[in-house]
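**Q** Okay, sequence plus prediction incoming.
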Amino acid sequence: MKKMTRCTLRCGLYIVLICCIWPFTLWAVENSECFDCHSDESLTKESTSNILQVEITESLYVDEEKFNHSIHNLNDITCVDCHSDIEELNYDEEVPHAIYLQAVVCASCHEESGEEFKSSVHMEMRNKGITMTCYACHGYHYVHQIEGASVAERTNSVCLKCHNPYQYHEWLPAGDSHFAFVECVVCHAPDVPRHINLRFFDLVTNKFYNGDDLLKILGIDYDEFMPTFDKNKDEIINSGEFDDLVLMLKHKKIRTIFHAELVADVDSIAHQIHRGSAQKTCGNCHAADSPYFNAVSILLTMDDGTVERYNVERSVLESYHVNHFYLLGGTRIKLLDKLGLLIIVGGVCGAFGHLSVRLLTRPIRRRREENDK
Ligand code: HEC
Ligand code: HEC
Ligand code: HEC
Ligand code: HEC
Ligand code: HEC
Ligand code: HEC
Ligand code: HEC
């Protein structure tokens with residue numbers, strides 16, 4: 001008797017479950033149906049901007065080619081996975097779905113990022129009535145995998161849309177170097193794990209090498225990279241092995257240099273940007289044993305945007321073949337000392353210079369004053 005009820009209960013539950021899942025699995029709306037209308041570049045919508053109260057024409061065009069290359073499409077996320085309030089299309093109506101759709105909630109899938117973002121300075125703005133969406137930084141239809149992106153690609157498409165870094169960092173010398181080689185969040189979200197990416201840069205074409213092309217030249221495959229260069233099989237490329245790699249490229253007539261960039265790991269902690277908490281202590285980075293340079297890897301980006309990373313020893317950063325970063329090793333501290341001295345000398349000279357110019361020009365200024373009278 002007891003067995004019977006449990007069985008019927010279970011069967012009942014299964015039926016309910018199947019009924020729930022059925023419509024979504026069988027009749028889930030295909031992307032192609034949405035593109036029937038939304039791949040039309042002239043499809044627009046009139047709406048009233050609530051801030052300025054003016055009519056604006058909003059494009060409803062979605063670039064199919066670009067969408068297909070997005071990380072969401074590559075991971076089988078469909079239009080209706082995000083626009084989840086569209087459950088079916090009703091072609092009896094001119095617009096086959098609700099005219100006003102609900103806002104997409106990115107954090108419904110990216111819970112951790114949503115959580116970390118909650119206490120950040122950009123969320124605090126909500127107290128001032130400004131809402132910052134996730135897509136203000138990431139975009140939405142054409143999101144790319146972040147890992148293979150350079151510092152420039154990351155900051156240009158994210159922070160520089162709203163901030164001009166030259167406005168806030170007068171105290172930081174060599175702004176160009178820092179903004180080109182250090183991703184903003186490495187300083188501004190100091191708890192985010194980070195690493196150095198070494199990427200092959202071609203000195204003739206002035207371009208980064210794509211991984212597929214580079215390996216074709218070397219005549220090896222992605223999984224042959226480590227076996228070829230990691231001769232002592234310790235799973236990390238050391239200085240000697242690194243030199244062999246450069247030599248092999250030279251034999252293939254490739255004039256390449258390694259660009260080293262300090263980037264954040266693709267980690268939700270990167271959202272923890274707070275007022276007044278950024279890394280400011282020069283010595284935390286510019287020291288021989290700085291923890292910022294512990295993880296170093298060679299980065300190869302494939303045609304489809306996916307990424308392969310191979311660990312290299314930190315000492316490789318001092319190699320002559322690595323652009324810029326050779327300064328960051330043991331020699332770095334000496335250089336900073338000199339730099340400090342230069343700043344002090346420069347400051348004194350500046351003050352002296354000003355004084356002596358005034359002293360020298362005193363007779364001229366006097367004469368001028370007399371003439372003016
Ligand atoms: C038969 C053509 C047609 C199809 C098919 C269609 N749409 Fe639309 N869609 C429209 C039109 C027209 C509008 C503009 C409505 C208006 O004027 O406000 C629109 C508006 C939208 C908007 C903007 C809504 C807003 O609140 O501003 C989104 C998002 C959208 N569609 C997504 C989709 C998705 C996702 C699909 C596929 C599941 C889809 N559409 C299928 C015609 C279509
Ligand atoms: C990763 C989530 C995501 C996916 C996948 C997605 N959208 Fe959107 N879509 C958004 C967001 C976010 C907006 C901005 C406004 C909002 O919150 O609704 C938007 C806006 C739109 C708009 C309004 C015009 C615009 O560009 O702002 C249209 C039309 C639209 N989507 C159609 C589509 C179609 C068609 C697909 C599938 C090919 C699709 N979307 C897939 C997140 C997504
Ligand atoms: C101020 C800009 C900004 C905003 C706003 C923002 N992000 Fe991010 N997001 C970043 C940065 C920076 C990274 C780290 C990767 C990198 O180095 O570029 C990141 C990483 C991510 C990642 C990859 C991390 C992982 O764990 O896989 C996801 C997913 C993500 N963000 C989703 C979101 C969501 C969801 C929101 C809204 C709640 C959001 N982001 C708001 C800047 C932003
Ligand atoms: C239906 C689930 C879903 C929704 C909704 C969604 N995403 Fe994603 N997103 C994914 C999946 C799956 C991936 C690929 C795997 C991964 O990296 O987590 C991804 C990847 C990403 C990445 C790249 C992370 C990386 O590793 O490089 C970013 C950034 C991102 N999404 C931002 C957004 C933003 C912004 C929105 C809202 C407009 C959004 N996502 C909405 C499922 C979703
Ligand atoms: C969509 C525009 C936008 C984007 C993109 C953006 N921010 Fe902001 N950010 C703001 C606004 C607005 C404020 C608030 C200024 C205020 O409160 O006065 C702010 C505040 C800040 C602050 C604190 C400033 C202060 O006055 O204390 C920092 C630091 C910051 N952002 C860094 C970043 C970084 C790093 C990125 C890239 C990962 C980024 N922001 C991306 C708009 C943006
Ligand atoms: C070497 C570390 C470092 C780098 C790289 C860096 N910042 Fe900063 N930034 C700081 C520090 C330290 C401050 C001073 C305020 C603080 O303590 O938060 C600051 C101030 C700011 C402020 C004003 C905040 C305030 O409190 O007044 C903004 C906005 C900002 N940075 C954005 C950026 C952006 C965007 C980038 C990337 C292009 C960037 N920063 C790169 C360390 C850095
Ligand atoms: C988050 C780590 C970090 C912090 C903090 C930091 N730097 Fe840097 N700095 C770097 C990196 C990475 C480079 C680029 C590598 C290079 O060019 O040698 C760089 C480049 C430089 C350069 C230019 C070297 C060149 O030849 O282009 C100078 C000068 C410099 N930093 C001084 C400072 C001073 C002074 C401070 C403190 C006010 C400081 N840095 C704070 C990481 C940092």
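**A** Cool, the structure landed. Ligands and ions are numbered 1, 2, ... in the order given.

**Q** Need the CA coordinates for stretch 179-190. CSV is fine.
**A** In CSV, the C-alpha atoms belonging to stretch 179-190 read as follows (Å, rounded to 0.1, in the frame of the first residue of the first chain):
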residue,chain,number,x,y,z
PHE,A,179,48.1,52.4,-18.9
ALA,A,180,49.5,50.4,-21.8
PHE,A,181,50.9,47.5,-19.8
VAL,A,182,48.9,47.4,-16.6
GLU,A,183,45.1,46.8,-16.7
CYS,A,184,43.2,49.3,-14.7
VAL,A,185,41.6,46.7,-12.4
VAL,A,186,45.0,45.3,-11.4
CYS,A,187,45.4,48.5,-9.4
HIS,A,188,41.8,49.3,-8.7
ALA,A,189,40.6,45.9,-7.6
PRO,A,190,43.8,45.0,-5.7
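
**Q** what's the spacing between Y91 and A103?
**A** 25 Å (C-beta to C-beta, to the nearest Å). The C-beta positions use only the backbone N, C-alpha and C, and glycine is treated the same way.

**Q** Equivalent analysis for H138, please.
**A** For H138, the distance to A103 - C-beta to C-beta - is 15 Å.

**Q** quick one: which of the two has more around it?
**A** A direct count of neighbours by other C-beta atoms under 10 Å for H138 and A103 places H138 higher, at 17 against 9.

**Q** Flag every buried residue along stretch 158-167.
**A** Applying a neighbour-count criterion of 16 or more other C-beta atoms under 10 Å, one finds V158, C159 buried in stretch 158-167.

**Q** first to last residue in that stretch, what's the distance?
**A** 17 Å (C-alpha to C-alpha, to the nearest Å).

**Q** Low-confidence stretches in the stretch 101-250 of the chain?
**A** Nowhere does the stretch 101-250 of the chain drop to pLDDT under 70.

**Q** and if we set it to 80?
**A** The stretch 101-250 of the chain contains residues with pLDDT under 80 at 124-130, 156-157.

**Q** Surely I146 is in a strand?
**A** No. Counting by DSSP: H, G, I helix; E, B strand; the rest coil, I146 is located in no strand; its state is coil.

**Q** Am I right that it is in contact with R154?
**A** Yes. Taking contacts as C-beta atoms under 8 Å, I146 lies within contact range of R154: 6.9 Å.
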